[in-house]
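Enquirer: here's my sequence, what's the structure:
(one chain, ligands or ions: 2)
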Amino acid sequence: MGIELNFGVMNILVIGSGGREHTLTWKMAQSGRCDKLFVAPGNAGTAEIAENVDLSVTDFEGIKKLVLEKDIQLVVVGPEVPLVAGIVDFFKADAKLKKVGIIGPDSKGALLEGSKDFSKDFMMKYGVPSAFSKTFTKETLEEGKTYIENQKGPYVLKADGLAAGKGVIITEDVNEAKNTLHEMLAEAKFGDASSKVLIEQYLEGIELSVFVLTDGKNYVILPEAKDYKRIGEGDTGLNTGGMGAVSPVPFADEAYLKKVEEKVVKPTLEGLQKEGIHYVGFIFIGLMNNNGEPSVIEYNVRMGDPETQVVFPRIQTDVVRLFKAAAEGKLDKIKLKVSPNTAVTTVTVAGGYPEAYKKGHKMEIPVSTKDKLVFHAGTTQKEEQIVTNGGRVMAFTGMAKTLNAAVKKSQSMARKVKYNGKYFRKDIGQDLLALIQK
Ligand code: AMP
Ligand code: GLY
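Expert: Ligands and ions are numbered 1, 2, ... in the order given. Take a look at the predicted model:
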């Protein structure tokens, strides 16, 4: 194995600037197949191991110039925005760029995340288990209100388009649900993203994130993870991009993951092929586990953040080889090797996040070690000083044989980092510890 996959060394570009991109960059930097590594735009962490290039993730012409000038052969797209905006279509339509390997779907494939209405229709058409839902527009607003009145709560309202993780509203209160529907449709609460709204059946259970990397034909299932989305301990308060993550997830045993593969992963990939979508890249499947039965909450067309910070440290296969194989339709040649250890990440955020927060606070960051990994998210270098530059500032991943030990390592690093207004959740992994101690 691997003889046909002798790719040689190459220059690589990572697009994005968060903890996910720092982790992917860190992992690829360890590969013998990685020559020069660029990140656009990157953060203070990626600057230590790669060359940051100050380009917006949707500046396709700027990215083209960089790729050609630096002879880049592999591009890994971190966030969804450039994918939905068509970066892969742009590469495929350009005579000079079309040979460059790019990890991410084209804009049609990216609709799995870019339009919840599209992804719901897709799931129904291809028999992927998910919550029942109905879609309403401005024209059918009154019908939507009546529909809500005839349902039992909690009510789940979802903006169709990308809304930076804020487009899902869940409420027990029927009037609040009706008002929210009104705001979304009649007052464009999320702009164009809420010109269609899905009202979805509420699902009970524990959430799980499953990650697939596909080359359009073959696929590998990456380690699964659990994310902690709310700002407050005990899963309270506002939704965030993610406050921590754990991998592996104790309830996701082999039998359960097999069920996910058969009932969700295979029909999803078959559906994409039947739709004529040549999908190369990650599919992040957000699931609700209800009494051992998986139901899809959402698809994302990228890796999760902060899930990447626990998934990739566990991957022992050379990831440059893995990504290049995906870009060239050769994933059948790869056997994924995964560490049995547990990874736990704790995200430290800016005071006030996910609402208004300040940037530019000076930081003191503990040193990364083999089992206490330091990933930057919202940071930047200002003169000689690293300062905060976003809502989610850092992620600290602890690696250990047990969940308990990994939690302790991650939390000890989150306690050590210093900047004004620092906040982090102290309960990452505690629910899973309680589950395995039962
Ligand atoms: P999404 O942006 O689709 O990931 O939704 C944000 C969060 O809302 C999810 O992580 C779930 O916690 C919750 N959620 C979404 N859809 C449902 C549903 N049908 N039932 C219960 N919770 C949901
Ligand atoms: N952590 C959730 C996400 O990346 O969407």
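
Enquirer: what about dumping the CA coordinates of the helix or strand where Leu68 lies to CSV?
Expert: If you go by DSSP states H and E, Leu68 is part of helix 60-69. Taking Å, rounded to 0.1, in the frame of the first residue of the first chain, the C-alpha atoms of helix 60-69 are listed here in CSV:
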residue,chain,number,x,y,z
PHE,A,60,-10.4,34.3,-5.4
GLU,A,61,-8.2,36.4,-7.7
GLY,A,62,-5.7,37.0,-4.9
ILE,A,63,-5.7,33.3,-4.0
LYS,A,64,-5.2,32.4,-7.7
LYS,A,65,-2.1,34.7,-7.9
LEU,A,66,-0.7,33.2,-4.7
VAL,A,67,-1.2,29.6,-5.9
LEU,A,68,0.5,30.3,-9.2
GLU,A,69,3.3,32.4,-7.8
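
Enquirer: and that helix, what's buried?
Expert: Neighbour-count burial for helix 60-69, counted by 16 or more other Cβ atoms under 10 Å, picks out 60, 63-64, 66-67. (Glycine included, C-beta is placed from N, CA and C.)

Enquirer: kindly reformat those as TSV containing pLDDT and distance to ligand 1.
Expert: Shown next, in TSV, are the buried residues of helix 60-69 (pLDDT from 0 to 100; distance: Cβ to the nearest ligand atom, whole Å):
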residue	pLDDT	distance to ligand 1
Phe60	97	26
Ile63	98	27
Lys64	97	32
Leu66	98	32
Val67	97	32
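
Enquirer: for those residues, which one is nearest Gly161?
Expert: Comparing these against Gly161 with Cβ to Cβ places Phe60 closest, at 20.2 Å.

Enquirer: leaving out sequence neighbours, find the closest residue to the closest one.
Expert: Counting by Cβ to Cβ, 6 or more residues apart in numbering, Phe60 lies nearest to Phe90, which is 4.7 Å off, once chain neighbours are set aside.

Enquirer: would you quantify the distance from that neighbour to Gly62?
Expert: Going from Phe90 to Gly62 by Cβ to Cβ, to the nearest Å gives 12 Å.

Enquirer: residues from the stretch 301-438 of the chain in reach of ligand 2?
Expert: 304-305, 307 (Cβ under 6 Å from any ligand atom).

Enquirer: hmm, try it at 8 Å
Expert: Residues of the stretch 301-438 of the chain lying near ligand 2 by Cβ under 8 Å from any ligand atom: 302-307.

Enquirer: thinking again about what came up before, how about residues contacting the helix holding Leu68?
Expert: Residues from elsewhere that reach helix 60-69 (Cβ atoms under 8 Å, 6 or more residues apart in numbering): 13, 15, 38, 40, 53, 55-56, 72, 75, 82, 86-87, 90, 94, 96-97, 100.

Enquirer: swap in stretch 273-281?
Expert: Here stretch 273-281 has contacts from 77, 83, 88, 102-106, 108-109, 122, 126, 213-217, 269, 272, 301-302, 326-327, using Cβ under 8 Å, 6+ apart.

Enquirer: again, but for stretch 189-196
Expert: 117, 135-138, 159-163, 166-167, 180, 183-185, 188.

Enquirer: helix, strand, or coil at the residue nearest the centre of the chain?
Expert: What sits nearest the mean C-alpha location of the chain, by Cα atoms, centre = their mean, is Gly304, with 1.7 Å. Counting by DSSP: H, G, I helix; E, B strand; the rest coil, the backbone at Gly304 sits in coil.

Enquirer: now do the phi/psi pair for it.
Expert: phi -80, psi 160 (degrees, to the nearest 10).

Enquirer: likewise the one 3 residues further on?
Expert: Its backbone dihedrals place Glu307 at phi -60, psi -40, with angles given as degrees, to the nearest 10.

Enquirer: nearest residue to it other than its sequence neighbours?
Expert: Ala225 (4.1 Å).

Enquirer: okay, the residue nearest to Gln430 when sequence neighbours are not counted and Lys401: tell me how far apart.
Expert: Counting by Cβ to Cβ, 6+ apart, Val407 is the residue found nearest to Gln430 once chain neighbours are left out, at 7.5 Å. Counting by Cβ to Cβ, the gap from Val407 to Lys401 is 12 Å.

Enquirer: residues contacting the one residue in the stretch 251-400 of the chain that gets nearest to ligand 1?
Expert: Relative to ligand 1, the nearest point of the stretch 251-400 of the chain is Glu298 (3.7 Å; Cβ to the nearest ligand atom). Residues in contact with Glu298, defined by Cβ under 8 Å, 6+ apart, are 113, 116, 119, 286.
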